[in-house]
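# my questions concern the predicted model and sequence given below.
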Protein chains: 2
Amino acid sequence: METTKTHVVHGGTLRYLKHDSATTGTPMTLSVFVPPGEGPFPVVIWLSGLTCTEDNFTTKAGAYRAAAEHGLIVVAPDTSPRGDGVADDPAYDLGQGAGFYLDATQAPWASHFRMESYVTGELIDLIDAQFPTTGARSILGHSMGGHGALTLALNHPELFQSVSAFAPISSPTRCPWGEKAFTAYLGSDDVAAWNRHDAARLIEAGAARGVYDDILIDQGDADSFLTDQLKPDLLKAAAEASGQKITIRMQPGYDHSYFFMTSFIDDHLAFHAARLKH
Amino acid sequence: METTKTHVVHGGTLRYLKHDSATTGTPMTLSVFVPPGEGPFPVVIWLSGLTCTEDNFTTKAGAYRAAAEHGLIVVAPDTSPRGDGVADDPAYDLGQGAGFYLDATQAPWASHFRMESYVTGELIDLIDAQFPTTGARSILGHSMGGHGALTLALNHPELFQSVSAFAPISSPTRCPWGEKAFTAYLGSDDVAAWNRHDAARLIEAGAARGVYDDILIDQGDADSFLTDQLKPDLLKAAAEASGQKITIRMQPGYDHSYFFMTSFIDDHLAFHAARLKH
């Protein structure tokens, strides 16, 4: 991995990194915060939402104060492969910046859009190889990245101690963003295959039951995507049906922006720290 | 003032605002954070550095958690007038985005570049008229905005309870950024007139002596502008010569970015809160 920028923040070291990914076949960018002290440290992986790069969370979430206090490494990857040779779409919700944390099976996406394998394989291996980690890790994210955090944690429970989300796309098989992306990336011949990438359907089916003692979700009630795209009620119903505990906090007046996330990121990092260190 | 965007953050309300300024003869933009509760609240004015708009501090500083706790209104204006009819320069350190918090006397700048009068007059009046303020206020800023905070506080001690700065341009009459800007905005016929806009020279001359019990300065020792442009040693020498107390903290490893500011913004807000509420 090549370090492109380094900053000291809250006593720790923040690096912007770039590496050639064997999984996506492209360069991939990310940021990694290492807290002060000698370590080893547990890892928290943050997955961002549509249109974001690794930079949005890194500069706007205000996460590193609490991460330094808890002694957490924080990793923020980009949201998709990018570059001239990578398929794209002019819309903001498909293609580069909109990887949806799955492995595409359809042309022209399948050759590079392999974000599930990237995050759960190559990224984790690189972090554990190049930073002083304990081997324990958790995952969280926002919107499309909340969907990513939930579905990756539910499909790969051996990799994560805990999972949380801000305003996740709760059920992409039942909202316009998800239907559009899944049609493109996974095709519409086998719609049942979509369910593996749908947090509400996974929870309803009992995925990872007994693994996660709780899942923390924050959702602003003034979020303009709440009703049409995010639909936390579907998560709530699935959790009730399957017996999975989920704590959904509706936050009054908050919207879909980083001003919402920065207001509650400390709670999420405390939630993960408690589960990463016990 | 027209509200262009509103966000809830840390329980308070953040507004992006726009108004037609009689002082600059242009539209001016700013952000205002009002903490939770009924008020009235004291005000902290943040002045940003070269190239910034009101958005950099607002999204990157992570200031609103502490501002909410202390009950502070936080105001972040733009760094200059802007627009098609406003003089500009292709360089990043002159013209739009580089107002230097003074009233220009030279063409083509004098007609709009009046940031000292704007901040100390129209902006303060607007905030006090339209928000629940106690009438007490403090000022701080970064780099060019640290210069602005110091010089405005020293020249207008009746307006501010306290002043602090991150990596300020300590003596613009003795560094390339300042020499270039002052030559353009103030002309070189009367170089002695520059000293009124030079924090180190103001302090050395005893400006506002006895008004400020302390001035807090944070400076990263890995700041690439430290030696050529910022020169905190000149502030230190001026303070020692004049008997003004200044606390200059050299912060090891920190650079000139918002990662530096977000690491110490809580200390600055606590410094001002203690002086605004006693």
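Perfect, I can see it now. Residues are numbered from 1 along each chain as shown, chains lettered A, B, ... in the order given.
# got the confidence number for the residue nearest the centre of chain A?
Among the residues of chain A, the one closest to the centroid is residue A:47, at 2.7 Å (CA atoms, centre = their mean). Note on residue A:47: pLDDT of 98.
# isn't it right next to residue A:140, touching?
Yes - if you go by CB atoms under 8 Å, residue A:47 and residue A:140 touch, sitting 7.4 Å apart. For the C-beta atoms, the positions are set from N, CA and C on the backbone; glycine is no exception.
# which neighbours do the two have in common?
Common neighbours of residue A:47 and residue A:140, counting by CB atoms under 8 Å, 6 or more residues apart in numbering or on different chains, are A:146, A:149.
# from residue B:249, how far out is the residue nearest to the centre of chain A?
Distance, residue A:47 to residue B:249, by CB to CB, to the nearest Å: 36 Å.
# over to residue A:100?
Distance from residue A:100 to residue B:249, by CB to CB: 45 Å.
# you'd agree residue A:88 is up against residue A:99?
No - applying CB under 8 Å, one finds residue A:88 not in contact with residue A:99, separated by 11.3 Å.
# the more surrounded of these two?
residue A:99 (32 against 17; other CB atoms under 10 Å in any protein chain shown).
# number of nearby residues for the closest residue to residue A:277 other than its chain neighbours?
Spatially, and ignoring its direct neighbours in sequence, residue A:277 is nearest to residue A:42 (6.6 Å; CB to CB, 6 or more residues apart in numbering or on different chains). Using other CB under 10 Å, residue A:42 has 21 neighbouring residues.
# hang on, residue A:42 in a strand?
Yes - judged by DSSP: H, G, I helix; E, B strand; the rest coil, residue A:42 forms part of a strand.
# in the sheet, who's paired with the residue nearest to the centre of chain A?
Beta bridges link residue A:47 to residue A:141, judged by DSSP bridges.
# show me the contacts for it.
Per CB under 8 Å, 6+ apart, neighbours of residue A:47: A:77, A:79, A:101, A:119, A:139-142, A:144-146, A:148-149, A:152.
# give me the subset of these that lies in helices.
In helices, judged by DSSP state H, the following of the contacts of residue A:47 are found: A:144, A:145, A:146, A:148, A:149, A:152.
# not counting sequence-adjacent ones, nearest residue to the first one?
It refers to residue A:144. residue A:49 (4.6 Å).
# count of neighbours near that neighbour?
Counted with other CB under 10 Å, residue A:49 comes out at 27.
# who's in contact with the spatially closest residue to residue A:148 that is not a sequence neighbour?
Closest residue to residue A:148 apart from its sequence neighbours, by CB to CB, 6+ apart: residue A:101 at 3.1 Å. Neighbour list for residue A:101: A:47, A:115, A:116, A:119, A:144, A:145, A:147, A:148, A:151, A:152, A:197 [criterion: CB under 8 Å, 6+ apart].
# same deal with residue A:104?
Residue A:104 neighbours (CB under 8 Å, 6+ apart): A:110, A:113, A:114, A:184, A:185, A:186.
# same check on residue A:89?
A:95, A:98, A:184.
# tell me the spacing between the last one and residue A:99.
Looking back up the chat, that one is residue A:184. 11 Å.
# where along the stretch 1-150 of chain A do the strands fall?
A:2-9, A:12-20, A:27-34, A:41-47, A:73-77, A:133-142 (DSSP state E, counting those that start in this stretch).
# so for residue B:135, which of these sits nearest?
Comparison of these against residue B:135 by CB to CB identifies strand A:2-9 as nearest, at 35.2 Å.
# for that closest one, which strands pair with it and how are they oriented?
strand A:12-20 (antiparallel).
# the partner strand vs strand A:27-34, what angle?
Counting by axes from the mean of the first three to the mean of the last three CA atoms, to 10 degrees, strand A:12-20 lies at 160 degrees to strand A:27-34.
# buried ones in strand A:12-20?
For strand A:12-20, the neighbour count (16 or more other CB atoms under 10 Å in any protein chain shown) marks A:12, A:14, A:15, A:16, A:17 as buried.
# re earlier: can I get the contacts of residue A:104 in a markdown table including distance to chain B and neighbour count?
Listed next are the contacts of residue A:104 as a markdown table, based on distance: CB to the nearest CB, whole Å; neighbours: other CB atoms under 10 Å in any protein chain shown:
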| residue | distance to chain B | neighbour count |
| --- | --- | --- |
| A:110 | 36 | 15 |
| A:113 | 29 | 29 |
| A:114 | 31 | 23 |
| A:184 | 31 | 22 |
| A:185 | 31 | 23 |
| A:186 | 35 | 22 |
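# among these, which are in helices?
Using DSSP H, the contacts of residue A:104 in helices are A:184, A:185, A:186.
# still on that earlier bit, if you rank the ones in helices among the contacts of residue A:47 by neighbours, which is first?
residue A:148 (33 neighbours).
# any idea how far the residue lying closest to residue A:235 once chain neighbours are set aside is from residue A:73?
What sits nearest to residue A:235 in space, not counting adjacent residues and going by CB to CB, 6+ apart, is residue A:170, at 4.3 Å. Distance, residue A:170 to residue A:73, by CB to CB: 28 Å.
# who has more neighbours, the two?
Counted by other CB under 10 Å, residue A:170 and residue A:73 do not tie: residue A:170 has more neighbours, with 30 against 23.
# thought that one was touching residue A:229?
No - counting by CB under 8 Å, residue A:229 is not a contact partner of residue A:170; they are 9.0 Å apart.
# who has more neighbours out of residue A:100 and residue B:249?
A direct count of neighbours by other CB under 10 Å for residue A:100 and residue B:249 places residue A:100 higher, at 30 against 12.
# so that one touches residue A:148, yeah?
Yes - assessed by CB under 8 Å, residue A:100 is found in contact with residue A:148 at 7.1 Å.
# what touches both of those two?
In contact with both residue A:100 and residue A:148: residue A:115, using CB under 8 Å, 6+ apart.
# about what we covered before: save the contacts of residue A:104 as a markdown table, and put in pLDDT too.
Shown next, in a markdown table, are the contacts of residue A:104 (pLDDT from 0 to 100):
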| residue | pLDDT |
| --- | --- |
| A:110 | 98 |
| A:113 | 98 |
| A:114 | 98 |
| A:184 | 98 |
| A:185 | 98 |
| A:186 | 98 |
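# show me the contacts for residue A:230.
So residue A:230 contacts A:143, A:167, A:168, A:169, A:170, A:175, A:219, A:223 (CB under 8 Å, 6+ apart).
# quick one, phi/psi of the closest residue to the first one other than its chain neighbours?
Closest residue to residue A:143 apart from its sequence neighbours, by CB to CB, 6+ apart: residue A:49 at 3.3 Å. The phi and psi torsions at residue A:49 (degrees, to the nearest 10) take the values phi -100, psi -180.
# any idea how far residue A:49 is from chain B?
Residue A:49 sits 15 Å away from chain B, taking CB to the nearest CB, to the nearest Å as the criterion.
# for residue A:145, same thing?
18 Å.
# separation between that residue and residue A:53?
Per CB to CB, residue A:145 is found 12 Å from residue A:53.
# tell me the residue of the stretch 51-200 of chain A that sits nearest chain B?
Closest to chain B within the stretch 51-200 of chain A is residue A:62: 3.6 Å, counting by CB to the nearest CB.
# show me the contacts for that residue.
A:262, A:265, B:62, B:65, B:262.
# relative to residue A:205, which of the residues you listed is nearest.
When the contacts of residue A:62 are compared against residue A:205 (criterion: CB to CB), the nearest one is residue A:265, at 30.1 Å.
# burial measure for residue A:6, as a count.
With other CB under 10 Å as criterion, residue A:6 counts 14.
# right, and it touches residue A:15 too?
Yes - contact between residue A:6 and residue A:15 holds when scored by CB under 8 Å: they sit 5.3 Å apart.
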